[in-house]
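[1] Show me the folded form of this:
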Amino acid sequence: MTPIMFELLLRSLWETVLMTLASGVISLVAGLPLGLALVVTARGGIAENLWINRALGAVVNGFRSVPFIILLVALIPLTRLIVGTALGTWAAIVPLAIAATPYYARIAEVSLREVDRGLIDAVRAMGGNRWTIVREVLVPEALPGIVAGFTVTLVTLIGASAMAGAIGAGGLGDLAIRYGYQRFETDVMIAVVAVLIVLVCGIQWVGDRLVAKLDHK
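    Numbering: from 1, shown residues only. The predicted structure follows:
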């Protein structure tokens, strides 16, 4: 691999990391409250409201049912409105975040539903309000699952960011398509695959270690 190609590989790696982390943080900030809302408004929840629950569930399921490549194209007008362009790394963050938020919300919902109902009832018996239950019981008890789910979301975003490279988003996917596929440069394709494997394994390793520290069961 030439020095110029190595420089392109490093730049593409940075673009992929930027897309993944930026959209991942947005999905965490938006998806966790959405997951909490789905849990607390469900039947038997601490703030039961089936109308809101069904409406939120319909929105989440609607976005999750659309393949990412289609969502990527469908959101081009919104991406242009927010970023000013539909091309490039920053433009890709918009559809990536919108796709990842409902995905992570469902993962967080599963973890939150697994919290022992007895703990919730105990806090209620001691006079704890809804916010206290969320802050002191739901989130802390589900934290290992929340972190594990966020790790899975980040790994999924890496794959999605590579797909976004097909329409000019930059990153490792764009490099693999333009050089590895279109120009038949096998060494570039192999290098991209190797970097993606290392990146995914690194994120998974960090996530697993953090979950192990948080899990006191």
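[2] so where do the helices sit in the protein?
    Taking DSSP state H as the criterion, the chain carries its helices at 3-40, 50-64, 68-74, 76-83, 89-113, 117-125, 130-133, 139-164, 171-175, 186-214.
[3] Now do the fourth one: which elements does it pack against?
    The helices and strands touching helix 76-83, judged by 3 or more C-beta pairs under 8 Å, 6 or more residues apart in numbering; DSSP states H and E, are helix 89-113. C-beta here means a position set from N, CA and C on the backbone, and glycine is covered the same way.
[4] The helix it packs on: which residues count as buried?
    By neighbour count on 16 or more other C-beta atoms under 10 Å, the buried set for helix 89-113 is 89-109, 111-113.
[5] so where's this protein uncertain?
    Applying pLDDT under 70 to the chain picks out residues 1, 167, 180-182, 216-217.
[6] Single out the most deeply packed of the helices of the chain.
    Of the helices of the chain, the one with the most neighbours on average (mean count of other C-beta atoms under 10 Å) is helix 171-175, at a mean of 26.
[7] What is that helix packed up against?
    Judged by 3+ C-beta pairs under 8 Å, 6+ apart, helix 171-175 is in contact with helix 3-40, helix 139-164, helix 186-214.
[8] With respect to N129, which of these lies nearest?
    Comparison of the helices and strands packed on helix 171-175 against N129 by C-beta to C-beta identifies helix 3-40 as nearest, at 12.0 Å.
[9] returning to what we had before: would you convert the helices and strands packed on helix 171-175 into a markdown table that also reports distance to Y179?
    Shown next, in a markdown table, are these (distance: least, C-beta to C-beta, whole Å):
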| stretch | distance to Y179 |
| --- | --- |
| helix 3-40 | 7 |
| helix 139-164 | 14 |
| helix 186-214 | 4 |
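[10] what's the closest of those to I70?
    Nearest to I70 among those is helix 139-164 (11.0 Å), distances taken as C-beta to C-beta.
[11] Quick one: work out the angle between that closest one and helix 186-214.
    Inter-element angle recorded for helix 139-164 and helix 186-214: 170 degrees (by axes from the mean of the first three to the mean of the last three C-alpha atoms, to 10 degrees).
[12] pretty sure A169 is touching L87, no?
    Yes - counting by C-beta atoms under 8 Å, A169 does reach L87; the two are 7.3 Å apart.
[13] Pick out whichever of the two has more residues nearby.
    Using other C-beta atoms under 10 Å as the criterion, A169 and L87 rank with A169 on top: 27 against 15.
[14] and the more buried one, what are its phi and psi?
    For A169, the backbone dihedrals (degrees, to the nearest 10) come out as phi -80, psi -10.
[15] which non-adjacent residue is nearest it?
    A92 (3.6 Å; C-beta to C-beta, 6 or more residues apart in numbering).
[16] Equivalent analysis for V155, please.
    V155 sits nearest to V200 (C-beta to C-beta, 6+ apart), 5.4 Å away.
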